[in-house]
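Student: sequence and predicted structure are below.
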Amino acid sequence: MNKKIKKLDGKTAIITGSSNGIGKGIALLFGREGANVIVNYSKSESKALEVVSEIERSGSRTMAVKADVSKVEDVKKLIGTCLDSFGRIDILVNNAGILSFGQIEEISDEVLKRVFEVNVFGTFYCCREVVPVMKKQNYGKIVNISSISGQRGDNTTAPVYGASKGAMSVLTKSLARQLGPFGINVNAVAPHAVITPMMDYWDDAKRKQVAQSLPVRRLGTPEDVAVATLFLSQDESNFITGQIINVNGGFLMDS
Ligand SMILES: NC(=O)c1ccc[n+]([C@@H]2O[C@H](COP(=O)([O-])OP(=O)(O)OC[C@H]3O[C@@H](n4cnc5c(N)ncnc54)[C@H](O)[C@@H]3O)[C@@H](O)[C@H]2O)c1
């Protein structure tokens, strides 16, 4: 009988903020595809351990690591734990993120600071710690989970969240230029309308209305984002770097 070829066999991946939502979807898919998976969480250990159990059932090695990506020391610990356990880091998915709302006059310094600390600084810190490891390996895949609001802005979540995601998308392109010569690909995925805990603020009427407005006539799932992330994390996509892949049901067709 033919054994199914797993797309990430032997690879080691860190997925930040992967105890629920899109990050969980990516962690589970990567586990099914044979990767060793670090499930990072900042608060809910029990949810992270559920993800770990599910990955173990699929036959892959995995562990949960607590780290707030906005804290340099936590990020160093996260990367160090991965290296101690698996000896290398092939894939980094910067998925951890927070959302904020409000008109510009209403946004406090604290909210402005926190959204950038998690979404931008967190992504930056994880890349800064992982890049020397990937350079030594002459191999690496970094995928940043950005957002459609980083491309077009957004009425509800603008201006802070969109600005942070715009920063992530441009960071993606700059790092792709710097790191291409070292065998490191850096890309982003820009989701929209994916049903996760982050989207709890959309009631049923809003969900229906958004689904009807999309060419594909449905909302997205974490798995929809996970398959794009998997594609950008596997060797077949080695010629693709500095790209922002839209996963948005056709809502925005350019970038
Ligand atoms: N759901 C969507 O439609 C959508 C659209 C565009 C972009 N995104 C992006 O996708 C990513 C995942 O979002 P989601 O929809 O799954 O939301 P979510 O709230 O379910 O997941 C976000 C995860 O990040 C974790 N996190 C938050 N702050 C952290 C920190 N400081 N350190 C470590 N982990 C932290 C949370 O605990 C959570 O597990 C986010 O970056 C989000 O901006 C989502």
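Tutor: That came through, no problem. For clarity, every value in this text was computed on a predicted model and none was experimentally measured.
Student: residue 144 looks like it's in a strand, true?
Tutor: Yes. Counting by DSSP: H, G, I helix; E, B strand; the rest coil, residue 144 is part of a strand.
Student: tell me how far it lies from the ligand.
Tutor: 9 Å (Cβ to the nearest ligand atom, to the nearest Å). In short, each C-beta sits where N, CA and C put it, glycine included.
Student: correct me, but that residue touches residue 170?
Tutor: No. The pair residue 144 / residue 170 is not scored as a contact, 10.4 Å apart, by Cβ atoms under 8 Å.
Student: ok, the two, which is more surrounded?
Tutor: More crowded of residue 144 and residue 170, by other Cβ atoms under 10 Å: residue 144, with 28 against 14.
Student: okay, and the beta partners of that one?
Tutor: Note on residue 144: beta-bridge partners by DSSP bridges are residue 94, residue 188.
Student: find me the pLDDT at it, would you?
Tutor: In this model, residue 144 is scored at 98, pLDDT.
Student: and for residue 158?
Tutor: pLDDT, residue 158: 74.
Student: helix, strand, or coil at it?
Tutor: Going by three-state DSSP: residue 158 is coil.
Student: what residues are up against it?
Tutor: Residue 158 is in contact with residue 149, counting by Cβ atoms under 8 Å, 6 or more residues apart in numbering.
Student: output the helix or strand harbouring residue 125 as CSV, restricted to C-alpha atoms.
Tutor: Assigned by DSSP states H and E, residue 125 belongs to helix 122-137. Extracted as CSV, the C-alpha positions of helix 122-137 are listed here (Å, rounded to 0.1, in the frame of the first residue of the first chain):
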residue,chain,number,x,y,z
GLY,A,122,5.8,40.5,18.2
THR,A,123,6.3,39.6,14.6
PHE,A,124,9.6,41.5,14.5
TYR,A,125,10.9,39.9,17.7
CYS,A,126,10.1,36.4,16.4
CYS,A,127,11.7,37.1,13.1
ARG,A,128,14.8,38.6,14.7
GLU,A,129,15.3,35.5,16.9
VAL,A,130,14.6,33.0,14.2
VAL,A,131,16.6,34.5,11.3
PRO,A,132,20.1,33.6,12.6
VAL,A,133,18.9,30.0,13.1
MET,A,134,17.5,29.9,9.6
LYS,A,135,20.6,31.5,8.1
LYS,A,136,22.8,28.8,9.6
GLN,A,137,20.5,26.2,8.1
